[in-house]
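Novice: how would this look folded up:
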Amino acid sequence: MVSCLAMQNSPVPIRQRNNAIPQKLAQVIDLALVEKQQITFQTVEEFKQELLKSMS
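Specialist: Numbering: from 1, shown residues only. Now for the predicted structure:
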């Protein structure tokens, strides 16, 4: 039930939950959470690379 509700609601931007998260990292995380017709990251490796770039 909880997971079903989570999928029905729009994700809360990560920095609204924790403003200490660096902006670049927050952008990658928020992008990964947005439900779109086209998936932003095709593989876990692509997501990992974007996370690493955001931290450099």
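
Novice: low pLDDT regions in the protein?
Specialist: Applying pLDDT under 70 to the chain picks out residues 1-8, 37.

Novice: apply 90 and report the result again.
Specialist: 1-12, 31-43, 55-56 (pLDDT under 90).

Novice: which stretches in it count as helices?
Specialist: With DSSP state H applied, the chain shows helices at 2-8, 14-17, 23-33, 44-55, listed in chain order.

Novice: so which of the ones you listed is the most surrounded?
Specialist: Most buried of these by mean neighbour count (mean count of other C-beta atoms under 10 Å) is helix 23-33; its value is a mean of 15. Any C-beta I mention is one placed from the backbone N, CA and C, and that applies to glycine too.

Novice: quick one: that helix to helix 44-55, angle?
Specialist: Taking axes from the mean of the first three to the mean of the last three C-alpha atoms, to 10 degrees, one finds helix 23-33 and helix 44-55 inclined to each other by 160 degrees.

Novice: mind giving me the packing neighbours of helix 23-33?
Specialist: Helices and strands touching helix 23-33, by 3 or more C-beta pairs under 8 Å, 6 or more residues apart in numbering; DSSP states H and E, are helix 14-17, helix 44-55.

Novice: nearest to residue 33, out of the ones you listed?
Specialist: Using C-beta to C-beta as the measure, helix 14-17 is the one of those that comes nearest residue 33, at 7.8 Å.

Novice: which elements pack onto that closest one?
Specialist: When contacts are defined as 3+ C-beta pairs under 8 Å, 6+ apart, helix 14-17 sits against helix 23-33.

Novice: and the helix it packs on, how far out from the chain middle?
Specialist: 5 Å (C-alpha atoms, centre = their mean, to the nearest Å).

Novice: what does stretch 45-55 give?
Specialist: Distance, centroid of stretch 45-55 to centroid of chain: 11 Å (C-alpha atoms, centre = their mean).
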